[in-house]
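Undergrad: Here's a sequence, model it:
(one chain, ligands or ions: 2)
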Amino acid sequence: MTTAPFAIDWHALIDPKLDNFIATGTMMLDDVFHATDLTALQAESGFIEYRQAHLTHGERESAIRGDSIRWIDESCPVGLAYLGAIDELGRYFNATLYTGIRSSEAHYARYPSGFGYKWHSDNPKGRDERVISAVFYLNDNWIADNGGAITVVDKTGETIQLLPQLNRLVVFDSNLLHQVEITNRTRFSIATWLRRDNRVL
Ligand SMILES: O=C(O)CCC(=O)C(=O)O
Ligand SMILES: [Fe+2]
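TA: Ligands and ions are numbered 1, 2, ... in the order given. The predicted model follows:
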């Protein structure tokens, strides 16, 4: 039997974790996509051209943010298929939590060794269009010594730290503070947002 690319049963994956997500604002999902989809995402993430990411005020400050990014658009067909699954995730949240999500956006990110992304929330001051952040990781065999964990302060004030392991989706309320610890190895991910507005990329 073959499965359609990026077909996900979000109910099966998330229903058991939903109460905890409501309480903490964070959730870790492992083994999300099939191996063929992962290989395709890894290939695309290694092939595309990246540009240095900037902070919201437009300046590059590598002491705060060291990643290079590539927004997913028509030139990234695998990324678009991934975004199709993310739109399904938005529908899931709308049906279960009345989140009012209307659009999604995502970029590939590559952090060189020696860089991270210091404490921030994904909604710049005074903005609230991003409802849920989700970061998907593309790195085989990541170990703690490689650094590069994501650290999130959850709604209860607890700090959680998760490694950027292949096929892991870390989901959190976009208003929560988080950072990427300095990585000791090139680190690939897809930063993803579910939004309440109809942003056109
Ligand atoms: O890559 C991660 O773990 C998080 C990235 C992030 O916080 C962002 O791009 O806003
Ligand atoms: Fe972030």
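
Undergrad: Assign a three-state SS to Ala4, would you?
TA: Classification of Ala4 using DSSP: H, G, I helix; E, B strand; the rest coil returns coil.

Undergrad: Got phi/psi on it?
TA: Main-chain dihedrals, Ala4, degrees, to the nearest 10: phi -60, psi 150.

Undergrad: So it versus Glu88, what's the distance?
TA: According to Cβ to Cβ, to the nearest Å, Ala4 stands 11 Å off from Glu88. Quick note: C-beta positions are derived from backbone N, CA and C, even for glycine.

Undergrad: Confirm that Leu38 sits in a helix.
TA: Yes. According to three-state DSSP, Leu38 belongs to a helix.

Undergrad: Skipping its backbone neighbours, what lies nearest it in space?
TA: Leaving aside its chain neighbours, Leu38 sits nearest to Asn167 (5.8 Å; criterion: Cβ to Cβ, 6 or more residues apart in numbering).

Undergrad: Could you count how many residues lie near that neighbour?
TA: 19 (other Cβ atoms under 10 Å).

Undergrad: tell me which parts of this protein are close to ligand 1?
TA: Applying Cβ under 6 Å from any ligand atom, we find that the chain lies next to ligand 1 at 109, 117, 122, 135, 150, 164, 178, 180, 189, 191.

Undergrad: Please consider this matter closed, and thank you.
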